[in-house]
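Visitor: the sequence and its predicted three-dimensional model are supplied below.
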Amino acid sequence: MSTTQPLDVQPTPLALLLLGREADPSSERGVDCPGELPSPSDPDLVERARAAKEKLGDKVFVLGHHYQRDEVIEFADVTGDSFKLAREAAARPEAEYIVFCGVHFMAESADILTSARQQVVLPDLAAGCSMADMATAEQVAECWDVLTEAGVAERTVPVSYMNSSADIKAFTGRHGGTICTSSNARRALDWAFEQGESGQNKVLFLPDQHLGRNTAVRDMGLSLDDCVVYNPHKPGGGLTAEQLRDARMILWRGHCSVHGRFSLDSVDDVRARIPGVNVLVHPECKHEVVEAADFVGSTEYIIKALEAAPAGSKWAIGTELNLVRRLANRFADEDKEVVFLDRTVCFCSTMNRIDLPHLVWALESLVEGTVVNRIEVDPETEQYAKMALERMLALP
Ligand code: SF4
């Protein structure tokens, strides 16, 4: 396992725990963790996690998202982005318990894609995602009514980012749309625009406005004027029927609290500090940041780009800090300099809710025969969400 090295970052003046909660703390789903959690200071935690995992053997499969802490990643059987992890779980039917070290929507996706006899556990139910929580089922149903009244719903295909709740995925499936990841968003949009007879379809892109805008404008050549932003907190989304009729991309007003923190100043600052640096950012960053970067891609793309980079190259990475720190450690021996794009700390606070005490608690409970914090999607939601996921799998 890699050791932790200090990066050139300073504590943010903002309370990071506020991230992920936006203005409405009640929108964080599930904050209870029933039962006795081990103390974080317990020096035996590592040994307890190892022993519990060994006792469970093939019955348990631990998934670790790239943005998880080192102490948790150490116990992951596989690491990856949310979609890769859900598929890995589905490919291991012998694993009765899937412990998902990630956030709530990811555990839902794993439950949707795994068999009925596999049970998915999220070690801390407070590990939500602020972006996913920015689009609720009620808000999206209301948006569809607005599009219907404006006479555009029939020509609109929903495309929802993987980072959305099972309810939103089900809405997407019900209305003939598809799910996308940050790796295949371009293919999903191409597909969506080609649906129907007119070839003049619109896309309702949920819930990350930045991924939608960056893909449409940067990758597909649409203009910024082709995009409008639907604000669920304003009547009619804050848009006129004419604006909705003229738009090609209707972007939901959602964003990632972590990637949204990178700014043009971060890019200018790192270029001034490190001459010759390559700026590589995730497409959940703001459009101006993506435009100013040298390379843009998903977490898997970022990892592959660094693997392929020549010795002596320098990289500033705009994504979550746990991953960047691991990559900096991993590539230090190969003489590749990897730094975090911003000067302030930028962990995903909800991802960080999964720590060793919660993991030990979840594993030891399974050893005792108790499934804690099970994430279970109801059959109807699952049916429609699966439909949308299967459309993604069938994308050309
Ligand atoms: S990094 Fe952003 S999108 Fe990912 S879980 Fe955290 S808040 Fe959600």
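Guide: Right, received. Where do you want to start?
Visitor: where does the residue in the stretch 101-250 of the chain positioned nearest to the ligand fall, helix, sheet strand or coil?
Guide: Proximity of the stretch 101-250 of the chain to the ligand (C-beta to the nearest ligand atom) peaks at Cys129, 3.3 Å away. For every residue, glycine as well, the C-beta is placed using N, CA and C. Following DSSP: H, G, I helix; E, B strand; the rest coil, the label given to Cys129 is coil.
Visitor: tally of neighbours for whatever residue of the stretch 151-300 of the chain ends up closest to the ligand?
Guide: Nearest to the ligand, among the residues of the stretch 151-300 of the chain, is Cys256, at 3.4 Å (C-beta to the nearest ligand atom). By other C-beta atoms under 10 Å, 26 other residues sit near Cys256.
Visitor: correct me, but it touches Asp133?
Guide: No: contact criterion C-beta atoms under 8 Å: Cys256 and Asp133 do not qualify, at 11.4 Å.
Visitor: quick one, phi/psi of the residue of the stretch 151-300 of the chain closest to the ligand?
Guide: phi -90, psi 130 (degrees, to the nearest 10).
Visitor: list the contacts for it?
Guide: Ser130, Met131, Asn163, Asp208, His210, Glu284 (C-beta atoms under 8 Å, 6 or more residues apart in numbering).
Visitor: same check on Lys314?
Guide: Contacts of Lys314 (C-beta under 8 Å, 6+ apart): Ile274, Gly276, Val277, Asn278, Lys336, Glu337, Val339.
Visitor: the last one contacts Gly318, doesn't it?
Guide: No: the criterion here is C-beta under 8 Å, and Val339 misses it with Gly318 at 10.6 Å.
Visitor: okay, those two: which has more neighbours?
Guide: Using other C-beta under 10 Å as the criterion, Val339 and Gly318 rank with Gly318 on top: 30 against 19.
Visitor: do you know how far the more buried one is from the ligand?
Guide: 12 Å (C-beta to the nearest ligand atom, to the nearest Å).
Visitor: gap between Asp378 and the ligand?
Guide: 23 Å.
Visitor: need the pLDDT of that residue.
Guide: Reported pLDDT at Asp378 in the predicted model: 96.
Visitor: kindly report the same for Pro357.
Guide: pLDDT, Pro357: 95.
Visitor: right, and the helix or strand after the strand or helix carrying Ser266?
Guide: Element membership for Ser266, per DSSP states H and E: helix 264-273. Tracing the chain past helix 264-273, the next element assigned as helix or strand by DSSP H and E is strand 278-281.
Visitor: same for that following strand, what does it pack against?
Guide: Counting contacts by 3 or more C-beta pairs under 8 Å, 6 or more residues apart in numbering; DSSP states H and E, strand 278-281 is packed against helix 264-273, helix 287-292, strand 295-296, helix 299-308, strand 314-318.
Visitor: recalculate using a threshold of 6 Å.
Guide: strand 314-318 (3 or more C-beta pairs under 6 Å, 6 or more residues apart in numbering; DSSP states H and E).
Visitor: and the strand it packs on, average pLDDT?
Guide: 98.
Visitor: next, the angle helix 299-308 makes with the helix or strand following that strand.
Guide: Following strand 314-318 in sequence order, the next helix or strand is helix 321-332 (DSSP H and E). With axes from the mean of the first three to the mean of the last three C-alpha atoms, to 10 degrees defining the directions, helix 321-332 sits at 20 degrees from helix 299-308.
Visitor: partners of whatever helix or strand comes next after helix 321-332, with directions?
Guide: Next helix or strand after helix 321-332 toward the C-terminus (DSSP H and E): strand 337-340. Strand 337-340 has its sheet partners listed here by DSSP bridges as strand 314-318 (parallel).
Visitor: how far off helix 264-273 does the partner strand point, in degrees?
Guide: Computed by the same axes, to 10 degrees, the angle between strand 314-318 and helix 264-273 is 170 degrees.
Visitor: from the chain's centre, how far out does strand 314-318 sit?
Guide: 20 Å (C-alpha atoms, centre = their mean, to the nearest Å).
Visitor: ditto for stretch 76-87
Guide: 12 Å.
Visitor: that stretch close to the ligand?
Guide: No: judged by C-beta under 6 Å from any ligand atom, stretch 76-87 makes no contact with the ligand; its nearest approach is 8.4 Å.
Visitor: which of the residues in that stretch are buried?
Guide: Going by neighbour count (16 or more other C-beta atoms under 10 Å), the buried part of stretch 76-87 is Ala76, Asp77, Thr79, Gly80, Asp81, Ser82, Phe83, Lys84, Leu85, Ala86, Arg87.
Visitor: which members of those residues are the farthest-apart pair?
Guide: Asp77 and Phe83 (16.7 Å; C-beta to C-beta).
Visitor: how many other residues sit next to the residue nearest to Val152 when sequence neighbours are not counted?
Guide: Nearest non-adjacent residue to Val152, counting by C-beta to C-beta, 6 or more residues apart in numbering: Leu244, 5.3 Å away. As a burial measure, Leu244 scores 23 neighbours (other C-beta under 10 Å).
Visitor: now swap in Glu368 and tell me
Guide: Residue neighbour count, defined by other C-beta under 10 Å, stands at 8 for Glu368.
Visitor: mind listing residues that contact stretch 203-212?
Guide: If you take C-beta atoms under 6 Å, 6 or more residues apart in numbering as the criterion, stretch 203-212 is touched by 131, 134-135, 156-161, 164, 168, 185, 192, 229, 249-255, 283-284, 286.
Visitor: who in the stretch 151-300 of the chain is up against the ligand?
Guide: Within the stretch 151-300 of the chain, the positions near the ligand by C-beta under 6 Å from any ligand atom are Asn163, Cys256, Ser257, Val258.
Visitor: how far away is the first one from Glu300?
Guide: If I follow you right, that is Asn163. Here the criterion is C-beta to C-beta, to the nearest Å. By it, Asn163 lies 15 Å from Glu300.
Visitor: so the two - more neighbours on which side?
Guide: Asn163 (28 against 16).
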